[in-house]
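**Q** A structural model of the following input is requested.
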Amino acid sequence: MNLLSIQSHVAYGHVGNSAAVFPLQRIGVEVWPVHTVQFSNHLGYESWKGEVFGAALIRDVVTGIAERGALAACDGVISGYMGSADIGEAILDAVARVKRANRAAKYCCDPVIGDAESGIYVREGIPDFMRLHALAAADVVCPNQFELGVLTGLDSGTMEGMRTAVDWLHSTGIGTVLVTSVLTDETPDDAIDMFASGPDGAFRLRTPRLPIMVNGAGDTIAALFFAHLLRSGSAGEALSRAGSSLFGVLKRTQVRGAREMLLVEAQEELVAPSEIFEAEMLG
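**A** Residues are numbered from 1 along each chain as shown. As a prediction, the model looks like this:
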């Protein structure tokens, strides 16, 4: 499997491509990373160095890949933090180029907008770009619960509301939806849920809630879920495999008291999770 991953990149720590590329490679996926930024570290620290790349550079890199004749062998595109509408347009251009070369290719959009703790933290215009343009191009979307509300304008605080919001995304033509960091009226205080819905049904995955806050977990789960979905064709199986792997990585990180995900140290969790959580099919 070959995936084009267009995301941010940090030299230290794990967010964007730095959180997605190695996990994908570790499970046997060939990844072609295109970086939208290159920073020293993620913005959760008090300072950082580096620069945001322009849309022209992204188009240029994708053109170089196309000139190798590689796009016909690309099975999918995944995108994360976009930074600006111009960068978003360059990403969607890349998606269109890949799909022209390979009609079977899929696009997975991780619509990075914000989270429940911080609110919206992207530039003005990005949420609208996601709603009006990125969703229309996507086959798979992976919002967190907060982003689901921003994208749909619906309250997902109950399981009924969650399913209504996801069904709204399906009604726009999106085949598969993964929602992360889910807390509804049905979630126990010591647990956290993920929800996935696709042609094979709607599923919930519940894991213990770990006392840990790290950046990049959403980038990792989106990448793993997309790859397992392409391989299995099942949202339920992809949710179980990806969720079990991420839990194992986060548990190792929490036990060690690390500030960044221990993706390398815990890499066996990516291929053979030490604890398997089965996705529950919802009626």
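
**Q** quick one, what contacts Asp193?
**A** 182-184, 186-187, 204-206 (Cβ atoms under 8 Å, 6 or more residues apart in numbering). Backbone N, C-alpha and C define where each C-beta goes, glycine included.

**Q** ugh, wrong one, I meant Ala165
**A** So Ala165 contacts 148-149, 152, 154-156 (Cβ under 8 Å, 6+ apart).

**Q** Can I have the buried ones of the contacts of Asp193 as a PyMOL selection?
**A** Per 16 or more other Cβ atoms under 10 Å, the buried members of the contacts of Asp193 correspond to this PyMOL selection:
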select buried, resi 182+183+184+204+205+206
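
**Q** could you pull out the strands for the stretch 51-200 of the chain?
**A** Assigned by DSSP state E, counting those that start in this stretch, the strands in the stretch 51-200 of the chain fall at 76-79, 106-109, 114-115, 119-120, 140-141, 176-182, 191-198.

**Q** Switch those strands over to JSON lines; also include mean pLDDT.
**A** Converted to JSON lines, these look like this (pLDDT from 0 to 100):
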{"stretch": "strand 76-79", "mean pLDDT": "98"}
{"stretch": "strand 106-109", "mean pLDDT": "98"}
{"stretch": "strand 114-115", "mean pLDDT": "88"}
{"stretch": "strand 119-120", "mean pLDDT": "82"}
{"stretch": "strand 140-141", "mean pLDDT": "98"}
{"stretch": "strand 176-182", "mean pLDDT": "97"}
{"stretch": "strand 191-198", "mean pLDDT": "97"}
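
**Q** Can you convert those strands into CSV and add a column each for distance to Asn17?
**A** As requested, those are exported to CSV (distance: least, Cβ to Cβ, whole Å):
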stretch, distance to Asn17
strand 76-79, 10
strand 106-109, 14
strand 114-115, 20
strand 119-120, 23
strand 140-141, 18
strand 176-182, 18
strand 191-198, 22
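
**Q** Could you identify which of those is most buried?
**A** strand 76-79 (a mean of 28; mean count of other Cβ atoms under 10 Å).

**Q** Just the buried positions in stretch 240-257, please.
**A** Buried positions in stretch 240-257, judged by neighbour count with 16+ other Cβ under 10 Å: 240-253.

**Q** of all those residues, which comes closest to Ser5?
**A** Ala242 (15.3 Å; Cβ to Cβ).

**Q** by contact count, what packs against whichever strand or helix holds the closest one?
**A** Secondary-structure assignment from DSSP states H and E places Ala242 in helix 235-256. If contacts are counted by 3 or more Cβ pairs under 8 Å, 6 or more residues apart in numbering; DSSP states H and E, helix 235-256 sits against strand 176-182, strand 191-198, strand 201-208, helix 217-232, helix 268-271.

**Q** hang on, the earlier thing: nearest to Ile276 among the contacts of Asp193?
**A** Out of the contacts of Asp193, the member with the shortest distance to Ile276 (by Cβ to Cβ) is Leu205, at 10.7 Å.

**Q** ok now do the closest one, which residues does it touch?
**A** Neighbour list for Leu205: 193-196, 239-240, 243, 277-280 [criterion: Cβ under 8 Å, 6+ apart].

**Q** and with 10 Å instead?
**A** Neighbour list for Leu205: 178, 180, 182, 192-196, 236, 239-240, 242-244, 246-247, 277-280 [criterion: Cβ atoms under 10 Å, 6 or more residues apart in numbering].

**Q** Need the pLDDT of it.
**A** Per-residue confidence (pLDDT) for Leu205: 98.

**Q** Kind regards, and thank you for your time.
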